[in-house]
Every structure is written in structure tokens, then in C-alpha cells.
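# Next input, structure requested:
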Amino acid sequence: MTNYAQFATKKAPLASEFGEKFARRIFGDDDVDDLPVYVRGPKKGQKKGWIAWVRAVKGGWIKEGNYNGDPIGYVASPGHYLTARIEIDHRAVLEATASRDGKFYFVSRVAG
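Below is the predicted model:
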């Protein structure tokens, strides 16, 4: 019997210290600096939007692709990142995908 990894999606506002710091760690300073900021109100000068990420809360097997006889996938430990994205007005602006070691290598801008 296979024990599959269990994941949780979490979010943080970019206007918070943690949210902006985490976004800069994943997407880099240049991409985060290009995001819009609030121009009025109590959040004036802070970044708009949210950062959302998917992270393993329980380790186990992550299936990749189709099984054609041989299992394709890898084992993930708790804390393993899978994806992250920055959303503004409920639309993804930036997306990042983690590799098998849980580090973000594949960052892309979302058209729209």
C-alpha cells in the first residue's frame, strides 16, 4: 500500500512583512518590484495582491505522469514545496514550480 504525500495550500498578503519577504525569496526582487502598490489608505506604498503556495504537510509518494507498469514519481518530505503563485484581484500574475528537491526553479509570468 502506497502512502501518498498530503498537501495544504496557504496564502499571505503581499502587504504583510512575511508575504513580501517570502515572495522575494521565491520570485526575486525584480519581479516583486514590478508589482503594483496601493496608492491610498492605510496600506499606501505596500504591494497589492497575495502569495499562495502548496506545501507538503505529511511526507509520502508524489505520482508523476501515467503509470505504464513502472511507478513514476518521487518521495517528498514534510515541508516540501510544490507550487507558488502571486495573485492580484484573484488572477495569477506569477507562477513558480518546484523541482523534486522542493526548491523553486521554474518561474513564469502568466499572460492576461
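
# quick one, helices of this structure?
Under the criterion DSSP state H, helices of the chain are mapped to 17-27, 29-33.

# Present those as a markdown table; the columns should include mean pLDDT.
What follows is the helices of the chain, written out as a markdown table (pLDDT from 0 to 100):
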| stretch | mean pLDDT |
| --- | --- |
| helix 17-27 | 95 |
| helix 29-33 | 92 |
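
# can you list those helices in JSON lines and add distance to residue 54 and mean neighbour count?
(Glycine included, C-beta is placed from N, CA and C.) Listed next are the helices of the chain as JSON lines, based on distance: least, C-beta to C-beta, whole Å; neighbours: other C-beta atoms under 10 Å:
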{"stretch": "helix 17-27", "distance to residue 54": "12", "mean neighbour count": "17"}
{"stretch": "helix 29-33", "distance to residue 54": "19", "mean neighbour count": "13"}
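
# residues contacting residue 73?
Contacts for residue 73 (C-beta atoms under 8 Å, 6 or more residues apart in numbering) come out as 61-64.

# isn't residue 13 right next to residue 19, touching?
Yes - counting by C-beta atoms under 8 Å, residue 13 does reach residue 19; the two are 5.0 Å apart.

# which residues do the two both contact?
In contact with both residue 13 and residue 19: residue 50, using C-beta under 8 Å, 6+ apart.

# thinking again about what came up before, give me the buried entries from the contacts of residue 73.
Buried members of the contacts of residue 73, counted by 16 or more other C-beta atoms under 10 Å: residue 62.

# for the contacts of residue 73, which one is nearest residue 9?
residue 62 (15.5 Å; C-beta to C-beta).

# That closest one and residue 101: what is the separation?
The gap separating residue 62 from residue 101 is 12 Å, by C-beta to C-beta, to the nearest Å.
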